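Visitor: Mind folding the following:
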Amino acid sequence: VQLQASGGGLVQAGGSLRLSCAVSGRPVSSYNMGWFRQAPGKERVFVAGIWWSAGDYYADAVKGRFTISRDNAKNTVYLQMNSLKPEDAAVYSCATGPRASRSAGDYYYWGQGTLVTVSS
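Guide: So this is what the prediction gives:
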């Protein structure tokens, strides 16, 4: 199983970015997918997840601004990020695992991460 995250970059506060996570070796339609982020000097934290059986869910810090979705035909998961804030700046990573979880330890396969920088 391989995950390739992309779409990060520099954006002004209030702007938008869409991250992509292309997956090979596992159908995104049948597994739990998650996005996590890690800011410099901080722990990796859950951002959003999409469960094959139970829809999508979000961290409180991004609820209403971020949307996770998937394109089964492209086997890709997206994270649409709107109204970005400086505190959203981090390396964003996608992951997949057998459990619908907000815990990074429940995700077994990880992409390499993509950097999001938000200027104020």
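
Visitor: which stretches of the chain form strands?
Guide: 2-6, 9-12, 17-24, 32-38, 45-51, 55-58, 66-71, 76-81, 90-97, 109-110, 114-119 (DSSP state E).

Visitor: neighbouring contacts of the worst-scoring helix or strand of the chain on mean pLDDT?
Guide: The helix or strand of the chain with the poorest confidence is strand 55-58; it has a mean of 91 (mean pLDDT, DSSP states H and E). Here strand 55-58 makes contact (CB atoms under 8 Å, 6 or more residues apart in numbering) with Val47, Ala48, Gly49, Ile50, Trp51, Phe66, Thr67, Ile68, Ser69, Arg102. C-beta: built from backbone N, CA, C; applies to glycine.

Visitor: Hmm, Asp106 is touching Thr96, no?
Guide: No. Counting by CB atoms under 8 Å, Asp106 sits too far from Thr96 to count as a contact (10.2 Å).

Visitor: of the two, who's got more company?
Guide: Thr96 (22 against 15; other CB atoms under 10 Å).

Visitor: For beta bridges, what are the partners of the more buried one?
Guide: Met33, Tyr109 (DSSP bridges).
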